[in-house]
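Visitor: please work out how this folds:
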Amino acid sequence: MISIFLYMNRDKFVYVGSVDIIEVDCSKKLQILSEVLESDQKIRKESDLIKFAKEDHRNQELVISIIEKCGMPTLKEVGQKHMDAIWLGLQHSSEEEIRKKYWPQVEKAVENGDLSKQQYALMKDRILMDEGKPQIYGSQIENGKLYTLENPETVNVRRKEMGMEPIEEYLKYFNIMFNPK
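Guide: Below is the predicted model of the structure:
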């Protein structure tokens with residue numbers, strides 16, 4: 001839901017510069033990722049869009065720097081909350097190129113059980129939306145409406161496979177009625 005809010009409000013964000021690889025100490029990746037997660041969740045409880053942009057930018061730089069300099073973490077190396085921080089940093093990126101670039105690592109992390117199928121579905125839909133293609137799992141909202149959905153009549157089968165609630169329940173959060181036609 002946070003990703004949807006961010007995407008819907010993307011035009012209100014302030015450009016804070018390119019996302020660059022920065023110096024990170026790989027021996028402190030647990031601490032860095034804990035801070036990323038805390039920052040990501042804290043900022044979403046506020047309504048300051050400029051602060052959103054700055055924090056998301058900082059978190060993106062930290063996450064991609066860890067991946068580039070230390071390698072993609074696994075659950076054996078870090079905890080679930082640290083893996084969630086990696087995913088959030090990529091999912092909340094304002095730059096679709098970042099999601100695309102690191103998508104293969106996210107796919108592998110899901111295959112290995114380091115990230116959830118639900119996280120896979122959310123990012124896959126976001127990438128498809130970035131590309132102007134229909135989404136598969138129905139997780140993305142645009143301008144108060146469900147973004148174009150591929151084969152809407154079977155979406156709940158796909159959602160169930162990914163551990164997601166039925167689309168009708170999900171869309172209630174946005175006061176949207178589901179019409180598969």
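Visitor: can you give me the helices in this protein?
Guide: 2-8, 29-43, 49-70, 80-91, 96-111, 117-130, 155-161, 167-172 (DSSP state H).
Visitor: what's the per-residue pLDDT of the closest residue to Gly79 other than its chain neighbours here?
Guide: Nearest non-adjacent residue to Gly79, counting by CB to CB, 6 or more residues apart in numbering: Leu30, 7.7 Å away. C-beta coordinates here come from the backbone N, C-alpha and C atoms, glycine included. Listed pLDDT for Leu30 reads 96.
Visitor: tell me the contacts of Leu30?
Guide: 78-79, 82 (CB atoms under 8 Å, 6 or more residues apart in numbering).
Visitor: and with 10 Å instead?
Guide: 73, 77-79, 81-82, 85 (CB atoms under 10 Å, 6 or more residues apart in numbering).
Visitor: same deal with Lys172?
Guide: Here Lys172 is in contact with 165-166, 178 (CB under 10 Å, 6+ apart).
Visitor: closest one of those to Val24?
Guide: The shortest gap between Val24 and any of those belongs to Glu165, at 36.1 Å (CB to CB).
Visitor: tell me how many other residues crowd the spatially closest residue to that closest one that is not a sequence neighbour.
Guide: Computed as CB to CB, 6+ apart, the closest residue to Glu165 that is not its neighbour in sequence is Arg159, at 7.1 Å. Neighbour count for Arg159, taken as other CB atoms under 10 Å: 21.
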